[in-house]
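In: Give the three-dimensional model of this entry:
(one chain, ligands or ions: 1)
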Amino acid sequence: MVKDAKDRDYQSHQERELPIYVPEVLIFETPDEVDAYAASRVIRQITTHPASSLTVPTGNTPTGMYERLVAANSNGEVDFSQATFINLDEYYPISPDHPSSYTEYMKRNFTGRVKVGEWHIPNGAAPDPESEARRYADLLAQRQPIDLAVIGIGPGTTCHIGFNEKGSSIDSGVRYAPLASETQAVNAQLFDDPAEIPAGTLTQGIADILGARQILLLAKGPSKAWGINRTLKGLISSDAPASFLRHHPRVTFALDKESARYIR
Ligand code: PGA
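Out: Model (predicted):
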């Protein structure tokens, strides 16, 4: 019998007998409380281990977390100057100084406003995406272990983490990955001219994210509700890349009420 890709993928995990865990799920009344919790986790990590390495996200969801981290830094509560921040992804191709690049996002929201030890993000203008992916994979390998990966989840039915769209393997590493059309439609709204959205990305893979000691997934708003339920309650498969997080023993989902409303 010929199995389709989804079955094959699922079966290969079963054959390897990866353990399945029940993630910690925290549901907050408001999006602000998600931000406060996310910031508190990062601050706790860095105050207890100042030279920590963190994987960090971009997008609408974490702006409130970054705002709080900048405030905590300016009031002396936390010092990021020994910590390493490694972004999940960047569009490709894109000029790093394009206003909608994730490089600019990071400068505007965080790294341009605090002193950090190290900060890394893929170069969206590298001439060859494959060699840029290799460079970023090497850089990530040299900064292991990642103490905490803070991530978002894609909108609608995408269930992406980083830009690991449907079909991504649990073993995937840093690579060039095309944007799913559903993601493209949503993210195009973040470009002055929606037609300018790049066709692809350079992203950490699922295996990179699962390699972190702890993972914190943030979700807010109704556009995440279907995906959160699918991720937590559906089949673990590459059809919902975020579902692979259930193979990691230390994952927290920090959700607002809206994004949690379909959890069965
Ligand atoms: P968002 O993006 O925070 O802008 O919703 C999250 C993601 O696509 O992973």
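In: beta partners of the residue positioned nearest the centre of the chain?
Out: The chain has Ile151 as the residue nearest its centroid, 3.0 Å off, counting by CA atoms, centre = their mean. Under DSSP bridges, the beta-bridge partners of Ile151 are Leu217.
In: Please shift the residue numbers so they start at 289 in all later answers.
Out: New numbering, starting at 289: the last item is Ile439.
In: pretty sure it contacts His448?
Out: No. Using CB atoms under 8 Å, Ile439 is not in contact with His448; the gap is 9.8 Å. C-beta coordinates here come from the backbone N, C-alpha and C atoms, glycine included.
In: Poorly predicted segments of this structure, please.
Out: Applying pLDDT under 70 to the chain flags residues 289-303.
In: Which single helix of it contains the most residues?
Out: helix 319-336 (DSSP state H).
In: what about that helix, distance to the chain center?
Out: 16 Å (CA atoms, centre = their mean, to the nearest Å).
In: what about the strands in the protein?
Out: 312-316, 341-344, 372-375, 377-380, 406-408, 436-439, 463-466, 488-491, 502-507, 539-544 (DSSP state E).
In: how about these in JSON lines, adding distance to Pro350?
Out: Listed next are those as JSON lines, based on distance: least, CB to CB, whole Å:
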{"stretch": "strand 312-316", "distance to Pro350": "15"}
{"stretch": "strand 341-344", "distance to Pro350": "8"}
{"stretch": "strand 372-375", "distance to Pro350": "11"}
{"stretch": "strand 377-380", "distance to Pro350": "13"}
{"stretch": "strand 406-408", "distance to Pro350": "15"}
{"stretch": "strand 436-439", "distance to Pro350": "7"}
{"stretch": "strand 463-466", "distance to Pro350": "20"}
{"stretch": "strand 488-491", "distance to Pro350": "16"}
{"stretch": "strand 502-507", "distance to Pro350": "6"}
{"stretch": "strand 539-544", "distance to Pro350": "11"}
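In: in the longest helix of the chain, what's buried?
Out: 319, 321-327, 329-331, 333-334 (16 or more other CB atoms under 10 Å).
In: what residues does the stretch 339-488 of the chain put near the ligand?
Out: Neighbours of the ligand within the stretch 339-488 of the chain, by CB under 6 Å from any ligand atom: Gly347, Asn348, Thr349, Gly440, Ile441, Gly442, Pro443, His448.
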